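Visitor: Quick one, fold the following:
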Amino acid sequence: MALYFSHLSIKRMIRLPFFPSFFVNKKKVSFETLKRVLSYDKRRFKISEEEDCCKVSAATFSDLNELANILFNETGFRALVVSPERQLLFEKDWGYFDRFTFFSEDNFTKCPDFSVPKANLGFFSDSFHETILQLLNLDLELAEKTMGSIVLSNVLCLPVQDLPASSFMQQESFFEKVFWRTGLGIQRNSSNHSLTKPTKVRSPKGLAEIDFSLLWPTLLTKPLYNLGPDSLDCGCCTPANVSEKNVLPNSIAVVEILQDGFFFESGLPSFSSFFHERMSGKQSRLNRQEEFCLKTIPLGPFFREKQVELPLVDAVKLQQEGKAKILSLKKMHWFCLLDESVVSKAISFLNKSISLFENKLDQMRANAVKQHGVLSTCMLSKKPEHILYKARLGIFSSFLRAMPAHLCSEKSAFFNSLLGLGIEGLEANVLDNFAKFAVESKSRVVSVVEGKAIVRSDSPYSLIKQFSEKQRVPALLKAKTR
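Guide: Prediction:
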C-alpha cells in the first residue's frame, strides 16, 4: 500500500506491505470450521489463528469481500469488513491528519499531540492552517464546522468527503473502529437507519432535573460493571449465587404472584416489548398504558398464585413491595471480573481524552484572562488551537454520551440483545435505588424520562452527593433546578 505524507511543500511517499483482512472470534466460528467452509483459491487467502480470533487475509479487497460472503452463506456469521485504508489506520492507530516525525525514509513515528494540520489538502486554495485563520476573521461558525470535520475525519479514520451526515451513522463508524479487531461480527447493514429524536423532558417549576446521562457510560467500565459483548457470561467468573457482585439485573427469575389484577412498568423496555408480544391480555395492557399515560407498555395483568418469569431487577422490586415472591433463578447473566471489555476500553479512552481537552481549554482560558482581561473571549475565538480543542472535546463527549443508548438500539449493526438488556437493567436498578433513596431523604422522584429524574427536593445537590457516596457510583450526576 502506498502512503502519502505532506507538510506544506514537503511530500513523501512510503510503500508498506499490506493485505486486507477481517477477524472472526473463535466463540462465533471455530478455526476448524473456518478452514472447512472457506472453499476458495488457496493461493489468494490465508487463515491465521490468534488467541481469541482467527484472521482471514486476502490478496485483494475483492477477494476479501468474496470470502466474507462465503462465510456468511455457510455459517450465518457476518464479518465486519472495512476498506483497506481504514484497516491500515486501525492497525497503526493513525488518523488522516496526524503528525509524523521522519528520521529516515523507513523510520518514522506518529507525534503524540494532535494539532491544527499545516498541509495543503487540495480542497482549499491555501493550507488548512491559513484557511482556518481566514475563516476565524470572516465566519466563526463556518470555521468551527470546518475544524469539526477535520477532527471527525481523524477520529473515525474516514476521508472528509466520506463522513456520515447523521450522528447515528457517525456513532456506527466509531463502533467499527472499536469492534473491528474483536471479530465479533455485525448483525445487519444499518446504513439507512437513523435514530428518532429524544423526547424533551418537561418539569414544573420548583422541581429539580437530575441528569444521569454522564453516569451511564462510566458504569459500563471496569472495575464497576465492565459490560461489553465480549465480557458477558464469561467462563472464568461464573457466579456461585445471585448475591455475587457480578450478577446482572437482567437475569431471569421465577416469581410467584401474591396479589390479583395488578400491572407494573418493567425497568427493561425491551423486555416489556417481548412480554407484550408473547403473552395474552394485549388490549388490557394497551388500555392501561393509555389510561395512565405510561411511557412503556406495562406488564400484566398478574393474578395470585401464578408463576411468571421476570427480569431480576423487576422481581426484586415486586418482592420488596409485597406483590411477588422470588422462587428461583432460571437464567443467570453476569459480567467478567478479570478481562476488561472492549466497550470499557473505548469509554476509558473517551473519558481520558475529554479530561485532557478540558484541561487544555481551562489552561488556555486562564492564560487568556491573565494576558487580555475582559478581551480574553474575543482573543480566544481567533486562535485555531482553541476551536480545535473545543471540536475534539465536543466530538468525544457526544460519542461518550450516545454510547449506552446506541448499544441498546436494534437499528445498530452492533446491537447485542443480551448486552442491551444488561445496560437497561443496570440503568433501571440505579434509578430505582435513587427513587428509594430520595424518599428516605424526604424528597420524591416525580418522574423519570430519557434518563433524567425529576425530583422534588429542598437540596438536590446534597441529594446527589449523598446518593453517589452511598451507592459507590461516580459523582457525575448533575442537577438543574426549574
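Visitor: Now do the buried residues in the helix or strand hosting residue 310.
Guide: For residue 310, the host element (DSSP states H and E) is strand 307-311. Of all the residues in strand 307-311, those buried under the rule 16 or more other Cβ atoms under 10 Å are 308, 310, 311. C-betas here are computed from N, CA, C, even on glycine.
Visitor: May I have whichever helix or strand comes after that strand as CSV, with CA atoms only?
Guide: Next in sequence after strand 307-311, counting helices and strands by DSSP H and E, comes helix 312-320. The C-alpha trace of helix 312-320 is given here as CSV (Å, rounded to 0.1, in the frame of the first residue of the first chain):
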residue,chain,number,x,y,z
LEU,A,312,-34.3,-10.0,38.3
VAL,A,313,-34.5,-6.2,38.7
ASP,A,314,-38.3,-6.3,38.4
ALA,A,315,-38.6,-9.4,40.6
VAL,A,316,-36.6,-7.8,43.5
LYS,A,317,-38.7,-4.7,43.3
LEU,A,318,-42.1,-6.6,43.4
GLN,A,319,-40.8,-8.7,46.3
GLN,A,320,-39.9,-5.6,48.2
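Visitor: Next one: the nearest residue in space to residue 98 that is not next to it in sequence relative to residue 101, how far apart?
Guide: Spatial nearest neighbour of residue 98, chain neighbours left out: residue 110 (5.3 Å); criterion: Cβ to Cβ, 6 or more residues apart in numbering. With distances taken as Cβ to Cβ, to the nearest Å, residue 110 is found 8 Å from residue 101.
Visitor: between the two, who's got more neighbours?
Guide: Neighbours were counted for residue 110 and for residue 101 using other Cβ atoms under 10 Å; residue 110 has more, 13 against 9.
Visitor: What is the helix or strand where residue 133 lies packed up against?
Guide: Using DSSP H and E, residue 133 falls within helix 128-138. Judged by 3 or more Cβ pairs under 8 Å, 6 or more residues apart in numbering; DSSP states H and E, helix 128-138 is in contact with helix 140-156, helix 384-407.
Visitor: Just say which of those is most tucked in.
Guide: helix 384-407 (a mean of 20; mean count of other Cβ atoms under 10 Å).
Visitor: which is the next helix or strand following that helix?
Guide: With DSSP H and E, the next secondary element past helix 384-407 is helix 417-440.
Visitor: Compute the inter-axis angle for whichever helix or strand comes after that following helix and helix 417-440.
Guide: Heading C-terminal from helix 417-440, the first helix or strand you meet, by DSSP H and E, is strand 444-449. Relative orientation of strand 444-449 and helix 417-440, computed by axes from the mean of the first three to the mean of the last three Cα atoms, to 10 degrees: 160 degrees.
Visitor: Show me what residue 12 bridges to in the sheet.
Guide: For residue 12, the beta-bridge partners are residue 5 (DSSP bridges).
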